[in-house]
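Colleague: A predicted structure for the sequence below; I have some questions about it.
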Amino acid sequence: MQYVQVMPQSARSSRTPSAQDAPESAAGSRAAAQRLKMRRELAAAAMELFATKGYEATTVDEIAAAAGVARRTFFRHFRSKEEAIFPDHDDTLIRAEAVLNAAPAHEHPLDTVCRGIKEVMRMYAARPDISVARYKLTREVPTLREAEIASVARYERLFTRYLLGHFDERAHADDANDDPLLAEVAASAVVTAHNHVLRRWLRAGGQGDVEAQLDHAFAIVRRTFGTGIGAGRSTAARTASGVSASGVSATVASAAVVSTAGPSASGASAVASRQGDVLVTVARTDAPLDEVMRTIAEALNQR
């Protein structure tokens, strides 16, 4: 699995900015700030009502009234009350994509993705009290948990598309169909590492240096999945490190599915089993990340 660096293409027009652009840009920034402010006010009202009345008993009309706005204003910002407790994901997704688009040419694509997902962690860390309360609420209400999973899935799709755009197709002449699989596995590893650290931080009440914990988790991902995905590495170097000439590392060559589960796993360690070319991993959500990654690597090496 080899990556090549490609220059990001700006979505903006190539025309020369005019004097009129500045006021339009400033107006757009103010509108975005006002939009986010209103979304957060609605979210705060929803959280308070969910905590006092209960999620099921709270209506959209009550949330709008508590925020001092009309029902139609609520629906301009959220499609449902489930969405109301996740007001920042849309803007954070934009910031994460901006990190990818502005990546320096020398940076390894996997490192770029790690920097991108840090925007998500910073969103939670900026308001730890709300993040902890929201975490507790999503544990109690399955509908909210599903909404949160859907939001997180958007980041994973973004990172998968980015990593796929950095493959060197010549390194996959034997089976180019593996490219989407490799990109998805690498993106999933980064997202899983982030989610593991985030859950641990939230369970601790939002205490501790979460960014340092995240850097440690990313280092584990690089050690586990980094073989064969070094940008600019020669074929000889990859072969010497145990990677096939096709560029597919032994760590990810057969990993079609990697899933994590909670209470169903026995003990704190991950348990891995294989079915053909599919690796299924089951681990407790509180299992140490390095232990989970080590179990995956050992299972694949035993093929």
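Modeller: Thanks, I have the structure now.
Colleague: what's Thr58 in contact with, if anything?
Modeller: The contact partners of Thr58, by Cβ atoms under 8 Å, 6 or more residues apart in numbering, come to 46, 49-50, 81. C-betas here are computed from N, CA, C, even on glycine.
Colleague: which SS state does it fall under?
Modeller: Classification of Thr58 using DSSP: H, G, I helix; E, B strand; the rest coil returns coil.
Colleague: quick check, pLDDT for it.
Modeller: On pLDDT, Thr58 comes in at 92.
Colleague: how close does it sit to Pro142?
Modeller: Separation of Thr58 from Pro142 (Cβ to Cβ, to the nearest Å) stands at 16 Å.
Colleague: what's the answer for Phe74, then?
Modeller: 23 Å.
Colleague: which one of these two has more residues nearby?
Modeller: Legend: neighbour count by other Cβ atoms under 10 Å for Phe74 and Pro142, higher for Phe74 (24 against 9).
Colleague: if we can go back for a sec, so which of the contacts of Thr58 is the most crowded?
Modeller: Ala46 (27 neighbours).
Colleague: that one against Ala84, yeah?
Modeller: Yes: if you go by Cβ atoms under 8 Å, Ala46 and Ala84 touch, sitting 4.0 Å apart.
Colleague: can you report how many residues lie near Ala204?
Modeller: By other Cβ under 10 Å, neighbour count at Ala204 equals 12.
Colleague: do Ala102 as well
Modeller: Count around Ala102 with other Cβ under 10 Å applied: 11.
Colleague: give me the neighbour count for Arg203.
Modeller: Arg203, neighbours per other Cβ under 10 Å, totals 15.
Colleague: now it: how far from Ile117?
Modeller: Distance from Arg203 to Ile117, by Cβ to Cβ: 19 Å.
Colleague: over to Val197?
Modeller: The value you get for Val197 to Ile117, if Cβ to Cβ is used, is 10 Å.
Colleague: of the two, give the one with the bigger neighbour count.
Modeller: Just comparing Val197 and Ile117: by other Cβ under 10 Å the higher neighbour count belongs to Ile117, 26 against 22.
Colleague: is it true that that one touches Arg95?
Modeller: No: checked against Cβ under 8 Å, the pair Ile117 and Arg95 is beyond contact range at 10.7 Å.
Colleague: pretty sure Glu119 contacts Ala96?
Modeller: Yes: with contact defined as Cβ under 8 Å, Glu119 reaches Ala96; the gap is 4.6 Å.
Colleague: domain assignment for the protein?
Modeller: As given by automatic domain parsing, the domain ranges for the chain are 38-86, 88-245, 254-303.
Colleague: as CSV, those with distance to Ala26 would be great.
Modeller: Below are the domains of the chain laid out as CSV (distance: least, Cβ to Cβ, whole Å):
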stretch, distance to Ala26
domain 38-86, 19
domain 88-245, 18
domain 254-303, 43
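Colleague: which of those has the lowest mean pLDDT?
Modeller: Among the domains of the chain, domain 254-303 scores lowest, at a mean of 54.
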